[in-house]
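Participant: Output the structure for:
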Amino acid sequence: MTTKIFTLILASLLIISCDDKTKQQPADQQPVESTNISAIEQAPTPTSESEPSQSIEQTMDENTRQAYAQSEKMNLWLSVFNYDYGYFGRKLNKNVKNTSTLINLDQKAKKVLQNCGEKNNACTLEAIKKDPLKNFSLVLNLSLPSEKLLHNYKLLIDELEKSEPRLLELDIEGKKFAENYVKLALVLHELQKYALNGEYQSDNYQKAPKLFNQLANSYNEFMQTQHSAKLIYNKLYNEIHDIQKLDFKKRGLTLQYDCMEIMDITKEIVGLINNTFDEKNNFKNLDTQAIELKIQQIVDISDNLKKYKGNDSVIKTQGLNRIYYDGFVDYLPKMITQIKLVLNKLDDKDVNQEIKSLNTTENSLIQLYNNSTN
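Facilitator: Presented below is the predicted three-dimensional model:
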């Protein structure tokens, strides 16, 4: 499930000591008031250098502190859902190797089923016999995870599910997601083994429909679990997202707030376009004027963000990754341009291609945002 939800901010990146803040900077390098409608006040500067250093985490109320703790675990579950095992392993301090075969097994299963299925997507004996080379050559060429890798994957999932803080519904659905993913891998293995051994030739394809049917069932079960996990993640994400955003505003983390605001506005725009576009390439009640106003909001905020490109000291004290912040800001014009392209081609036959590009562009922006904030 390559969800377009971006990751939540980790508290460890917001621990900015008073010592950092007391270092005087030129006035033109200080974050200015947000250009967004909701202005952000600057964080108060300590009046005395003799005051004890106090981290942002220490000054949080319990509700906010808990939200940041939950966000770290949620990001780990998100990495599982998006098959980002590198992030998953780093955060759990585990050396996760050779995970390429563990990526997009659902897409591999879908391709096998579509390759074999007739109009009703059923892999019947007649359909299999009609073109066995077509059906089994694809299965034979699948790159699948080893049993050892699947075992290690399950161990990591168990560790994540039992780790603190407990997230109740998300932990339960996350584990179901992983269990059904492993089950899907095992069914693919069984089908591939049947093809590798040439058993389909000796039994005249009699076992093949059963194996393809098992694959279809496993795929459908996984997709249902994936959908449930996404719903639960999104619900919890929205709750924590609002707490974090309010926290940025309280602390004067202007750049953090503005980056998140841009992502929120972008998500609204892309959602409006996706939800009003039908299969016949028509738009139903798309409020273009509202989108144009939102585009201007992105432009205004991005103009402010551009002022701090390359300013390592400000970017760091704002809790952002100094390496990726510039890339995120540089990519914003491409996002804006793509939104405008869709609006300019609403009546064109190929507008669906521009919408695909819009979603791809948003995904890239999300990745840059994730990198800059985590």
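Participant: Tell me how many other residues crowd D278.
Facilitator: Residues near D278, counting by other C-beta atoms under 10 Å, number 9. (Glycine included, C-beta is placed from N, CA and C.)
Participant: Ok, L215 next?
Facilitator: A count of nearby residues for L215, using other C-beta under 10 Å, gives 22.
Participant: same thing with A195?
Facilitator: Neighbour count for A195, taken as other C-beta under 10 Å: 22.
Participant: Buried by neighbour count: which residues of the one helix or strand it maps to qualify?
Facilitator: Element membership for A195, per DSSP states H and E: helix 169-196. Using 16 or more other C-beta atoms under 10 Å as the test for burial, helix 169-196 gives 170-171, 173-178, 180-189, 191-192, 194-195.
Participant: Show me what it packs onto, helices and strands only.
Facilitator: Using 3 or more C-beta pairs under 8 Å, 6 or more residues apart in numbering; DSSP states H and E, the elements in contact with helix 169-196 are helix 62-81, helix 105-116, helix 132-140, helix 147-162, helix 208-251.
Participant: among those, which is the most enclosed?
Facilitator: Highest mean neighbour count among the helices and strands packed on helix 169-196 (mean count of other C-beta atoms under 10 Å): helix 62-81, with a mean of 19.
Participant: What mean pLDDT does the helix or strand that comes right after that one get?
Facilitator: Sequence-wise, the next helix or strand downstream of helix 62-81 (DSSP H and E) is helix 85-91. Helix 85-91 comes out with an average pLDDT of 76.
Participant: Same check on stretch 288-308?
Facilitator: 96.
Participant: Can you point out the buried residues in that stretch?
Facilitator: The neighbour-count check on stretch 288-308 (16+ other C-beta under 10 Å) flags I291, K294, I295, Q297, I298, I301, S302, N304, L305, Y308 as buried.
Participant: from those residues, which is closest to T276?
Facilitator: Distances from T276 to the buried residues of stretch 288-308, taken as C-beta to C-beta, are shortest for I291 (10.3 Å).
Participant: surely the closest one meets N344?
Facilitator: No. Between I291 and N344 no contact is recorded; they are 11.8 Å apart, counting by C-beta atoms under 8 Å.
Participant: average pLDDT across stretch 329-349?
Facilitator: Averaging pLDDT along stretch 329-349 gives 94.
Participant: Provide the contact partners of that stretch at residue level.
Facilitator: Outside stretch 329-349, the residues that touch it by C-beta atoms under 8 Å, 6 or more residues apart in numbering are 262, 266, 269-270, 273, 281, 283, 286, 288, 291-292, 295, 298-299, 302, 305-306, 309, 351, 354-355, 357-358, 361-362, 364-365, 368.
Participant: ok, now with 7 Å
Facilitator: With C-beta atoms under 7 Å, 6 or more residues apart in numbering as the contact definition, stretch 329-349 has outside contacts at 266, 269, 273, 281, 283, 288, 291, 295, 298-299, 302, 305-306, 309, 351, 354-355, 357-358, 361-362, 364-365, 368.
Participant: Just the CA coordinates for stretch 342-361, please, in PDB.
Facilitator: Taking Å, rounded to 0.1, in the frame of the first residue of the first chain, the C-alpha atoms of stretch 342-361 are listed here in PDB:
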ATOM      1  CA  VAL A 342      -4.400  19.800 -14.900                       C
ATOM      2  CA  LEU A 343      -6.600  22.900 -14.600                       C
ATOM      3  CA  ASN A 344      -5.600  24.100 -18.100                       C
ATOM      4  CA  LYS A 345      -6.400  20.700 -19.600                       C
ATOM      5  CA  LEU A 346      -9.700  19.900 -17.900                       C
ATOM      6  CA  ASP A 347     -11.500  19.500 -21.300                       C
ATOM      7  CA  ASP A 348      -8.600  17.700 -23.000                       C
ATOM      8  CA  LYS A 349      -8.800  14.000 -23.900                       C
ATOM      9  CA  ASP A 350      -5.400  13.300 -22.300                       C
ATOM     10  CA  VAL A 351      -6.200  15.000 -19.000                       C
ATOM     11  CA  ASN A 352      -6.000  11.600 -17.300                       C
ATOM     12  CA  GLN A 353      -2.300  11.500 -18.100                       C
ATOM     13  CA  GLU A 354      -1.800  14.900 -16.400                       C
ATOM     14  CA  ILE A 355      -3.700  13.600 -13.400                       C
ATOM     15  CA  LYS A 356      -1.400  10.600 -13.200                       C
ATOM     16  CA  SER A 357       1.600  12.900 -13.400                       C
ATOM     17  CA  LEU A 358       0.000  15.000 -10.600                       C
ATOM     18  CA  ASN A 359      -0.200  12.100  -8.300                       C
ATOM     19  CA  THR A 360       3.300  11.000  -9.100                       C
ATOM     20  CA  THR A 361       4.600  14.500  -8.500                       C
END
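Participant: Just give me how far that stretch sits from the chain centre.
Facilitator: Mean-position distance between stretch 342-361 and its chain equals 22 Å (C-alpha atoms, centre = their mean, to the nearest Å).
Participant: pLDDT weak spots in the stretch 51-200 of the chain?
Facilitator: Where the stretch 51-200 of the chain drops to pLDDT under 70, the residues are 51-60, 95-96, 117-122.
Participant: One more pass at 50, please.
Facilitator: Applying pLDDT under 50 to the stretch 51-200 of the chain flags the ranges 51-54.
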